[in-house]
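Trainee: One predicted model, sequence on top.
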Amino acid sequence: MRSVSRLLILGAAVLTGGQRASAVEPIRPEQFSRLQALIKPDPNEDKWTQIPWLTDLWQARKIAAEQGKPILLWEMDGHPLGCT
């Protein structure tokens, strides 16, 4: 584990050219609304949330077979509804 930590530190030093990161100015309260507008996804970016996703693979397989459509399986480490 120590060798991995040393390797990460060495990699960071190489990527930054050995220079230390400069301090970042804190965000002022009057900047929050502008920054939130930049960060928040545009409604056109969230079209995938309008799809009636199924959480039961067997049910999805049956419906896909009936409709002649493929299945998109979105899989993560842990439970897909909570990633626990």
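Mentor: Noted; the coordinates are in hand. Numbers count the residues shown, from 1 in each chain.

Trainee: for this protein, what helix or strand is lowest in average pLDDT?
Mentor: Here the helix or strand of the chain ranked lowest by mean pLDDT, DSSP states H and E is helix 2-15, holding a mean of 58.

Trainee: Now do the same contact list for residue 59.
Mentor: By CB atoms under 8 Å, 6 or more residues apart in numbering, the contact list for residue 59 is empty. In this view, the C-beta of every residue, glycine as well, is placed from N, C-alpha and C.

Trainee: Going by neighbour count, list what's buried in the one helix or strand it maps to.
Mentor: Residue 59 belongs to helix 57-67 when elements are defined using DSSP states H and E. By neighbour count on 16 or more other CB atoms under 10 Å, the buried set for helix 57-67 is residue 60.

Trainee: Kindly format the C-alpha coordinates of it as CSV.
Mentor: Taking Å, rounded to 0.1, in the frame of the first residue of the first chain, the C-alpha atoms of helix 57-67 are listed here in CSV:
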residue,chain,number,x,y,z
LEU,A,57,-34.3,-7.4,-15.6
TRP,A,58,-36.7,-10.3,-16.1
GLN,A,59,-39.6,-7.9,-16.7
ALA,A,60,-37.5,-5.8,-19.1
ARG,A,61,-36.4,-9.0,-21.0
LYS,A,62,-40.1,-10.0,-21.5
ILE,A,63,-41.1,-6.6,-22.7
ALA,A,64,-38.1,-6.3,-25.0
ALA,A,65,-38.9,-9.7,-26.5
GLU,A,66,-42.6,-8.8,-27.1
GLN,A,67,-41.6,-5.5,-28.7
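
Trainee: could you give me the average pLDDT of that helix?
Mentor: Helix 57-67 carries an average pLDDT of 95.

Trainee: Same question for stretch 24-42.
Mentor: In this model, stretch 24-42 has an average pLDDT of 87.

Trainee: Ends of that stretch, what's the gap?
Mentor: 27 Å (CA to CA, to the nearest Å).

Trainee: Next: stretch 35-47.
Mentor: Using CA to CA, the span of stretch 35-47 from its first residue to its last is 22 Å.
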